[in-house]
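A.B. asks: Below is the structure, and that's it, no one-letter string:
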């Protein structure tokens, strides 16, 4: 038997098919030059990859809570949690990757109905 202090503390598992694809949206009030500048930064700094990675971490950290809500109260409970999280993030800053993540999860019936459960 392994000594508890020498046991792994970090592990990973890939959950499929849940993943995020981030992209920019051009507000009606923006000129093309400003939008292209934002797109250039998004590509140059590989923000899609960075935000997707952070979102994956957020999913992993919330798995226990979301799974528990689903098992005890069903999909509507998960949807309510995601809505509260999304609105809290949006209230803080509408342009955070966290805001976009929770908005996408809130709008995903597949996710709320158990899509987060590993296959």
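C.D. replies: Everything's here; your move. From a predicted model like this one, the values you see are computed outputs, not experimental measurements.
A.B. asks: list the helices and strands whichever helix in the chain runs longest packs on?
C.D. replies: Ordering each helix of the chain by length in residues (DSSP state H) puts helix 47-73 first. Packing contacts for helix 47-73, counted by 3 or more CB pairs under 8 Å, 6 or more residues apart in numbering; DSSP states H and E, involve helix 75-92, helix 97-106. In short, each C-beta sits where N, CA and C put it, glycine included.
A.B. asks: at 10 Å what do you get?
C.D. replies: Applying 3 or more CB pairs under 10 Å, 6 or more residues apart in numbering; DSSP states H and E, one finds that helix 47-73 makes contact with helix 32-44, helix 75-92, helix 97-106.
A.B. asks: possible to save those helices as a markdown table with distance to residue 116?
C.D. replies: A markdown table is the format used below for the helices and strands packed on helix 47-73 (distance: least, CB to CB, whole Å):
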| stretch | distance to residue 116 |
| --- | --- |
| helix 32-44 | 27 |
| helix 75-92 | 8 |
| helix 97-106 | 9 |
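A.B. asks: low-confidence ranges in the protein?
C.D. replies: In the predicted model of the chain, residues 1-17 satisfy pLDDT under 70.
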